[in-house]
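Chemist: Predicted model and sequence below, questions to follow.
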Amino acid sequence: MCFVVVQITDCHLFADRSKELRDVATWPRFLKLLADLRERVPQCDLLVLTGDTAHDELAATYREIAGPLQPWRAKLQILPGNHDNREALAEVFPDVCRSTNQRLVFQRRSAPWTILGLDSHKPGELSGRLGAAQLNWLEQRLAEAGPSDQFLLMLHHPPIPVASAWLDAIGLEDAQELRDLAQRFRQVRLVTCGHVHQPIAGSFAHATVLSTGASGPCFQARSAQLRIIPQHPIYRVIELHENGEWTSQVVEVP
Ligand SMILES: [Fe+2]
């Protein structure tokens, strides 16, 4: 038996379903992705949207997505990205988005795994920041853990460089502070993020960092500037095993 986490990221949706982002119609991609997920991952235990859900940052957009996400509502978590509105998210999804230290974080447990959602949203900015209060909260969660516990951290901004100068300029500002924690607590095994609209893998203290392609537009890897490439919508499945191991697949929606 394993605990199945599905990550969808960077949907970049609008309240007006016909609106496009840089000539990419984001709503049809999102709906196709959900249909594929329903068919291909029926055993999903936790569905996490890791930010940039609403490109227009409107409560109306969150109300619009509530319908299509209804089948997963009891297992849903939504983290804010740079293109999101924390207050509007909490207003439309009060049962899903709960505030701790004014951040929308979550905690789920399936022994030996704990999944922690972190909020790197910085209002009005493209870069991200966890902040001292949230890092303290994280440190307390890690300090409570036993030696055989395992942690999956999920957040919008990647804490590692991604070889695209324009994205590295708008990364996670306090990545070093997060790295220091992950260095002290070996139980941090896996970190998954969005923001970069492309698959990335790297090491981070004792953990592996994975990002995934987007539900919305996908970006060219190793590019000095923003370049959109024709690619199907993508989501990630992560299986957390009882023996502390994990496996993951990137699923491209044809
Ligand atoms: Fe994004």
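Modeler: Sure, I can see it.
Chemist: hey, let's count contacts and neighbours off CA atoms from now on
Modeler: Noted.
Chemist: Those residues of the chain touching the ion, which are they?
Modeler: By C-alpha under 5 Å from the ion, the residues of the chain that approach the ion are 10, 52, 195.
Chemist: Among those, name the ones in strands.
Modeler: In strands, judged by DSSP state E, none of the residues of the chain next to the ion are found.
Chemist: Counting neighbours, which of these comes out on top?
Modeler: Counting neighbours by other C-alpha atoms under 10 Å, the top entry in the residues of the chain next to the ion is residue 10, with 29 neighbours.
Chemist: correct me, but residue 117 touches residue 100?
Modeler: No. Residue 117 lies out of contact with residue 100 (C-alpha atoms under 8 Å); the separation is 11.3 Å.
Chemist: Number of residues surrounding residue 225?
Modeler: Residues near residue 225, counting by other C-alpha under 10 Å, number 13.
Chemist: which ones are touching it?
Modeler: 164-166 (C-alpha atoms under 8 Å, 6 or more residues apart in numbering).
Chemist: Closest one to residue 231 out of the residues you listed, please.
Modeler: Nearest to residue 231, judged by C-alpha to C-alpha, of the contacts of residue 225 is residue 164 at 18.2 Å.
Chemist: Let me know whether that closest one touches residue 224 as I believe.
Modeler: Yes. Residue 164 lies in contact with residue 224 (C-alpha under 8 Å); the separation is 5.4 Å.
Chemist: Please say which of these two ends up with more neighbours.
Modeler: Higher neighbour count among residue 164 and residue 224: residue 164, with 16 against 13, using other C-alpha under 10 Å.
Chemist: Distance check, that one against residue 198.
Modeler: 11 Å (C-alpha to C-alpha, to the nearest Å).
Chemist: Can you name the next helix or strand after the helix or strand of the chain with the lowest mean pLDDT?
Modeler: One helix or strand of the chain scores below all others by mean pLDDT, DSSP states H and E: strand 98-100, with a mean of 89. The helix or strand immediately downstream of strand 98-100 is strand 103-110, counting by DSSP states H and E.
Chemist: picking up where we left off before, show me what the least confident helix or strand of the chain is packed against.
Modeler: Counting contacts by 3 or more C-alpha pairs under 8 Å, 6 or more residues apart in numbering; DSSP states H and E, strand 98-100 is packed against strand 103-110.
Chemist: What are the buried residues along the strand it packs on?
Modeler: Of the residues in strand 103-110, 103-106 count as buried by neighbour count, 16 or more other C-alpha atoms under 10 Å.
Chemist: Pick the one among those closest to the ion.
Modeler: Nearest to the ion among the buried residues of strand 103-110: residue 104, at 17.7 Å, using C-alpha to the ion.
Chemist: Quickly list what the closest one is bridged to.
Modeler: residue 99 (DSSP bridges).
Chemist: Roughly how far does it sit from residue 240?
Modeler: Applying C-alpha to C-alpha, the value for residue 104 to residue 240 is 23 Å.
Chemist: low-scoring stretches of the stretch 1-150 of the chain, by residue?
Modeler: Within the stretch 1-150 of the chain, no stretch has pLDDT under 70.
Chemist: How about residues contacting the helix or strand containing residue 89?
Modeler: Using DSSP H and E, residue 89 sits within helix 86-92. Helix 86-92 has contacts (C-alpha under 8 Å, 6+ apart) with 57-59, 62-63, 80, 96-99, 103-104, 121.
Chemist: Take it, keep the C-alpha atoms, and write them as CSV.
Modeler: Taking C-alpha atoms only, helix 86-92 is exported to CSV below (Å, rounded to 0.1, in the frame of the first residue of the first chain):
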residue,chain,number,x,y,z
ARG,A,86,-4.2,34.5,-0.7
GLU,A,87,-7.4,36.2,0.7
ALA,A,88,-9.5,35.2,-2.3
LEU,A,89,-8.3,31.6,-2.1
ALA,A,90,-9.2,31.4,1.6
GLU,A,91,-12.6,33.0,1.0
VAL,A,92,-13.6,30.6,-1.8
